[in-house]
Structure formats: structure tokens, C-alpha cells
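Participant: Have a look at this prediction, sequence included:
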Amino acid sequence: MLDLNDPSLLEPRAYINGEWISNGATFAVTNPATGTKIADVTDVSVAETAAAIDHAHKAQKDWAAWTGKERGAVLRRWYDLIVENADDLAAILTAEMGKPLPEAKGEILYGASFIEWFAEEAKRIYGDVIPGHQRDKRIVVIKQPVGVVGSITPWNFPNAMIARKVAPALAVGCSFVARPAELTPLSATAMAVLGERAGIPAGVLNIIPSSRSAEIGQELCANPKVAKITFTGSTRVGKILMQQCSDTIKKMSLELGGNAPFIVFDDADLDAAVDGAMISKFRNNGQTCVCANRIYVQSGVYDAFAEKLQAAIGKLALGDGTEDGVTTGPLINDAAVRKVEDHIADATSKGATVALGGQRSELGGTFFEPTVLTDVTTDMAVAREETFGPLAPLFRFETEADVIAMANDTEFGLAGYFYSTKMNRIWRVAEALETGIVGINTGLISTEVAPFGGVKQSGLGREGSKYGVEDFLELKYMCFGEVS
Ligand SMILES: NC(=O)C1=CN([C@@H]2O[C@H](COP(=O)(O)OP(=O)(O)OC[C@H]3O[C@@H](n4cnc5c(N)ncnc54)[C@H](OP(=O)(O)O)[C@@H]3O)[C@@H](O)[C@H]2O)C=CC1
Ligand SMILES: O=C(O)[C@H](O)CS(=O)(=O)O
């Protein structure tokens, strides 16, 4: 049992129309570090999903009639409650997802920062007045909430990925039906416990845990009362959802897979580059869509960087995320471990060298040794596929033109990083990278103040920042005649 200050935050039931629901059907949520069961969670059915959508549809009109200031005040109270309960929320997150407690706490505060940001934005949804095109005409543009928003989110950031979506949605007057990942629903229900306490009206926020992602997703995509789908996850699933949403032409926001290049030029501050590679590659044990998936090092500094990186990795401490000093938890499941193993086997079969790690940890379970591959080449799977684990493949390059071509040779385009101290090169490379986000002399780019999102097959739309509300709004213009 988790040792929480407020045990009521560990909530296994679904939250629909302001009611906590048990329906006799459950699925088990287990701790990836220990394999022990945390809770049996309500397994919401398709019919209950449709009912949640109906309630959200009814509640949305009243919610949209509140002023932005009133909605912002509720979101602010929600933010305050999340921060006050951050330790408990982090404990729940670590238990169901495995990331070390300090990282989990960081995620809770990161997620809360979106709720804080959009609590403020709620009262700034401005329209426009456009000079008439004829003497008797006047034109006014207003922005209105799209309506019911369906959300599908992954296991790797079970709090922040919901917060990054629900905050702008509720701020502008939408209602929300959230289906969290089967592996990590308890962070979502805990958020709803606090949202209810903050005063979010019944039906405005609904949490529908389920073991049947495809069926529930199909209902969210097909139901005509859902105006928008917002999704974070793999490009594979994003494509399925796009197809399913086409029948009702739903608005979509998609935060999909990545394959981030991390480039170290020979003019880089190598120690800073190693620090950046460590945070970008090993945050969340490499289980983030913006982590460095390919590390390109210019030949003049390749050996020195490889040596420094291995020394830094040697300071990582694997273990149960609840233990002091642990920096790196388990991977989410055995499939994730097998993907890392497959990428290592493929690379070594084609000439790469395991310079560090390369196998399952002696801790057992889904713990895996942080790994460095050297002599990696572009014909290897790690060059094309997202590893989503603690594997740092080092590619050698000669010229700036060569590395830009290699970095952009992917269907993905979420984040990219590079280290250089030459201003002219910094501008050239930043503009040349085909990504939605560029980290320049930093490996950590995530913040609520900037528009997070990708290009190419890494997604559609942006989350966070002043741009983040637009995807939850419809523009309408009113043309007044007979004025003169
Ligand atoms: N761009 C971004 O911000 C992020 C991208 N990702 C990408 O996602 C991948 C790993 O995360 P992972 O969670 O495994 O990704 P998935 O795409 O497999 O799952 C994401 C969510 O979609 C659900 N899902 C799976 N299949 C369907 C379906 N047919 N219909 C509706 N929902 C479905 C999952 O449910 P369930 O798990 O219960 O089956 C989960 O809640 C990586 O490629 C990673 O890059 C991950 C996080 C963030
Ligand atoms: O799901 C993810 O990987 C997150 O989007 C990464 S971040 O927002 O924490 O950078």
C-alpha cells in the first residue's frame, strides 16, 4: 500500500459526470519496479464512454457561459491543490510508472505549470474587429470553444500529458473526456480528485480508465458529440486515430513519435554537451519523445566526447524510484526492454561496438544498463527507429552539411539538439533542422511557456504557450450590414 498523506488520492474508480464509478469490471495496475499490484481500477466500457461524452456535451454549454475569469479561478485553485499535494501525486506516479521520485515530482510541477499558465490565459481569449469591406459593413471576429474534447495519453508522463491538454481545454470553456494509458491511470484519477475539490463542475472533466484502448478510442473518434481529439503517443496510433476521426472531420492535436538528433560540433563546450546529452538521453530512462535518439559527434572530438559521456553515465544509479539517490528506474515493461535489446543486436551485427552496458541489469525485472554504442552507422535500426530506452548510439560525422543531411533523414521532426559556440553556425543549423523544437546548447527544452510540437510525422498542433489555446478554439466572424 502506498504511504500517502492523503490516501483518498489513490482513486481506482472512473470519474464520470462528477460521480466516482465502479462497474464490477476492473484491470490491475502494477508497479514496474516491483511487479506488485497497486490497485484494481474500474474498466470503463464503450457504453460508459458514450455516457461520459453525453454528460460532457451537456455540461460544456454551461461551462462555456462562465467568464474566462471564473474558469481561470477554478483552474488556479486546481493548480494550488496539485502543488499542495505534489508529494502524494509523485508517489502515485512513481508507483505506476517507475520514474524516480524526484523526476516524478518534477513532472507533477511541470504538469501543474500548464494549469497555472492557462488559468491566466483564460481571461485573455481576445477576438478582433476588422474594418468593413463596404461602407455599411462592420466585421467582428470572436473565438469560441470547440466543445467536447477527447484525450488519449501515454504512460510515460501520466500527469503532465493530461495537464498539457486539459488546462487549455477547460480554460477556453471546453469539456473533457480523458482516457489515460492502461498502465498508468492512477495519476489521472488523482488529478480528478483534486479537480473536483477545486470546483470543476460535474461533467466538465471525466476520466475513463480502460484496458481496451482501441475500442474506447474508436468511440471517442466516432462519436459526433466529440469535437476534437487530442493525442500523445506513437505515430502508429496517431495515424489510426486520424483515420477514425475523418468520418466526423474532428479537429486533432497530435504529439507523436520522435527521433531526435543530438549534434556535437568540434567547437562545442564538451562538458556542457555531455551534460546536455545526459539529460536529453536519460531523462525518464530515455522514455520520452524528445530524448536524444541519435547522437552525432564531429570526428575531431568523437573519442573525447565518448569517454566523457561514459564517465557521466557511470554516475547513474539504477533502482526502485522510491529509494534515495536512485536516478534511473525500470523500463515500463518487457516489450520496452526487448526493443532496446533488438536495437543493440541489430547495431552490433552491422559493426557497432558496445562501449558501455548493453544488457539487462542484475537488478532483474525491466531494469536495463545504460548503454553506449560507438561506430554506429546510418544503416542501423537506431538511426531510423525510436528506441525509447537508455541507449546512446554515437555516430561520427565530418562536415556540417553531412550532419544536417543525416539529422533530417527521418520521417520524424519533433525535437533536435546541437552544441556549438559559433554564432553563425548556430543560426544556420537551427534554421536547417526539420523539427518543431531545437535545443541549442541545452538538452532540456520542456516548458509551459513555449509551443511544444513537431513537424512531419511527429504530429500536428502545438501545446503550451500563448499558442496552446488556439487548437481548442473555433474562429467565427460576424458581418454586420446596413450600418451606415
Ligand atoms: N510526441 C509526444 O509527446 C510523445 C510521443 N510518444 C510516442 O509514443 C510511443 C511510446 O508510447 P506509447 O504509450 O507506447 O505509445 P502508444 O501510441 O502505443 O500509446 C499511446 C496511447 O494510445 C493508446 N492506444 C494504443 N492503441 C490505440 C488505439 N488503437 N486506439 C486508441 N488508443 C490507442 C494507448 O493505450 P494503452 O497503452 O492503454 O494501450 C496509450 O494510452 C513512442 O513512439 C513515443 O515517441 C510517447 C509520449 C509522448
Ligand atoms: O511525452 C513526452 O515525451 C513529453 O512530451 C516529453 S516532455 O514534454 O516532458 O518534454
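Facilitator: Cool, the structure landed. Ligands and ions are numbered 1, 2, ... in the order given.
Participant: got the residues of this protein near ligand 2?
Facilitator: Contact residues (CB under 6 Å from any ligand atom) of the chain with ligand 2: 156-157, 161, 232, 288-290, 446, 452. Bear in mind the C-beta positions are built from the backbone N, C-alpha and C, glycine included.
Participant: 8 Å instead?
Facilitator: 107, 110, 154, 156-157, 160-161, 164, 232, 255, 258, 283-284, 287-291, 415, 445-446, 452 (CB under 8 Å from any ligand atom).
Participant: Go through these and flag which are in helices.
Facilitator: Counting by DSSP state H, the part of the residues of the chain next to ligand 2 found in helices is 107, 110, 160-161, 164.
Participant: Let me see the contact set for the closest residue to K251 other than its chain neighbours.
Facilitator: Nearest residue to K251, sequence neighbours excluded (CB to CB, 6 or more residues apart in numbering): K228, at 4.1 Å. By CB atoms under 8 Å, 6 or more residues apart in numbering, K228 lies in contact with 146-150, 174, 250-253, 471-472.
Participant: Turn the residues you listed into CSV, columns for distance to G364, neighbour count and secondary structure.
Facilitator: Output for the contacts of K228, formatted as CSV (distance: CB to CB, whole Å; neighbours: other CB atoms under 10 Å; DSSP: H, G, I helix; E, B strand; the rest coil):
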residue, distance to G364, neighbour count, secondary structure
V146, 47, 19, coil
G147, 48, 21, coil
V148, 45, 28, strand
V149, 41, 30, strand
G150, 39, 32, strand
C174, 45, 26, coil
K250, 44, 22, coil
K251, 45, 19, strand
M252, 41, 20, strand
S253, 39, 25, strand
D471, 43, 22, helix
F472, 44, 29, helix
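Participant: Same list (the residues you listed) but as CSV, adding pLDDT and distance to D88.
Facilitator: Formatted as CSV, the contacts of K228 follow (pLDDT from 0 to 100; distance: CB to CB, whole Å):
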residue, pLDDT, distance to D88
V146, 98, 33
G147, 98, 33
V148, 99, 30
V149, 99, 27
G150, 99, 28
C174, 99, 28
K250, 98, 35
K251, 98, 34
M252, 98, 33
S253, 98, 29
D471, 96, 31
F472, 98, 29
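Participant: Mind checking what secondary structure the residue nearest to K251 has?
Facilitator: Secondary structure, DSSP: H, G, I helix; E, B strand; the rest coil: K228 is strand.
Participant: Tell me the spacing between it and ligand 1.
Facilitator: The spacing between K228 and ligand 1, counted by CB to the nearest ligand atom, to the nearest Å, is 15 Å.
Participant: Let me have the contacts of K228 in a markdown table, extended by distance to D80.
Facilitator: Output for the contacts of K228, formatted as a markdown table (distance: CB to CB, whole Å):
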| residue | distance to D80 |
| --- | --- |
| V146 | 27 |
| G147 | 28 |
| V148 | 27 |
| V149 | 23 |
| G150 | 27 |
| C174 | 22 |
| K250 | 33 |
| K251 | 30 |
| M252 | 32 |
| S253 | 27 |
| D471 | 26 |
| F472 | 23 |
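Participant: which one of these is nearest ligand 2?
Facilitator: S253 (12.3 Å; CB to the nearest ligand atom).
Participant: Just grab the bridge partners of the closest one for me.
Facilitator: Taking DSSP bridges as the rule, S253 bridges to T230.
Participant: Tell me who's in contact with the residue of the stretch 1-150 of the chain found nearest ligand 2.
Facilitator: When you check the stretch 1-150 of the chain against ligand 2 by CB to the nearest ligand atom, the closest residue turns out to be Y110, at 6.5 Å. Taking CB under 8 Å, 6+ apart, we find Y110 in contact with 160, 446, 448.
Participant: at 10 Å what do you get?
Facilitator: 103, 157, 159-160, 163-164, 446-448 (CB atoms under 10 Å, 6 or more residues apart in numbering).
Participant: residue boundaries of the helices in the protein?
Facilitator: Using DSSP H, helices in the chain cover 46-65, 68-84, 86-97, 101-121, 160-172, 186-198, 213-222, 235-245, 270-282, 302-313, 334-349, 381-384, 400-408, 423-432.
Participant: most packed of those?
Facilitator: Compared across the helices of the chain, helix 160-172 shows the largest average neighbour count, a mean of 29 (mean count of other CB atoms under 10 Å).
Participant: Specify the angle between that one and helix 46-65 in degrees.
Facilitator: In terms of direction (axes from the mean of the first three to the mean of the last three CA atoms, to 10 degrees), helix 160-172 departs from helix 46-65 by 40 degrees.
Participant: Wait, L318 touches P330, no?
Facilitator: Yes. The pair L318 / P330 is scored as a contact, 8.2 Å apart, by CB atoms under 10 Å.
Participant: In terms of neighbours, single out the busier of the two.
Facilitator: Using other CB atoms under 10 Å as the criterion, L318 and P330 rank with P330 on top: 27 against 19.
Participant: Need the phi and psi values for the more buried one.
Facilitator: Torsion angles at P330 (phi, psi; degrees, to the nearest 10) stand at phi -80, psi 160.
Participant: my guess is it contacts G364, does it?
Facilitator: Yes. Counting by CB under 10 Å, P330 does reach G364; the two are 9.4 Å apart.
Participant: quick one: common contacting residues for these two?
Facilitator: G35.
Participant: The nearest residue to K123 once chain neighbours are set aside and E215: what is the separation?
Facilitator: Distance criterion CB to CB, 6+ apart; nearest residue to K123, sequence neighbours excluded, is G68 at 4.0 Å. Separation of G68 from E215 (CB to CB, to the nearest Å): 36 Å.
Participant: What residues sit buried inside stretch 120-140?
Facilitator: Neighbour-count burial for stretch 120-140 flags 121-122, 125 (criterion: 16 or more other CB atoms under 10 Å).
Participant: so which of the helices of the chain gets nearest ligand 1?
Facilitator: For the helices of the chain, proximity to ligand 1 was assessed by CB to the nearest ligand atom; helix 213-222 is nearest, at 2.4 Å.
Participant: Report the contact partners of the spatially most central residue of the chain.
Facilitator: Using CA atoms, centre = their mean, the residue of the chain that lies closest to the mean C-alpha position is M161, 4.4 Å off. The contact partners of M161, taken as CB under 10 Å, 6+ apart, are 107, 111, 114, 151-155, 178, 180-181, 184, 187-188, 230-233, 255, 289, 463.
Participant: could you redo the last one with a cut-off of 8 Å?
Facilitator: 111, 153-154, 232, 255.
Participant: what do you get for F395?
Facilitator: F395 touches 294-297, 376-378, 383, 406, counting by CB under 8 Å, 6+ apart.
Participant: Which pLDDT value goes with it?
Facilitator: Note for F395: predicted pLDDT of 98.
Participant: Neighbour-wise, which one of the contacts of F395 leads?
Facilitator: Most neighbours among those, by other CB under 10 Å: V297, with 28 neighbours.
Participant: Run through the residues that contact that residue.
Facilitator: Here V297 is in contact with 263-264, 305-306, 394-397 (CB under 8 Å, 6+ apart).
Participant: what do you get if the cut-off is 10 Å, keeping everything else the same?
Facilitator: 262-266, 268, 270, 273, 277, 303-306, 309, 374, 394-397, 403, 419.
Participant: Just the buried residues of the residues of the chain next to ligand 2.
Facilitator: Neighbour-count burial within those applies to 107, 110, 154, 156-157, 160-161, 164, 232, 255, 258, 283-284, 287-291, 415, 445-446, 452; the criterion is 16+ other CB under 10 Å.
Participant: can you tell me how far the residue nearest to K251 sits from F157?
Facilitator: According to CB to CB, K228 stands 20 Å off from F157.
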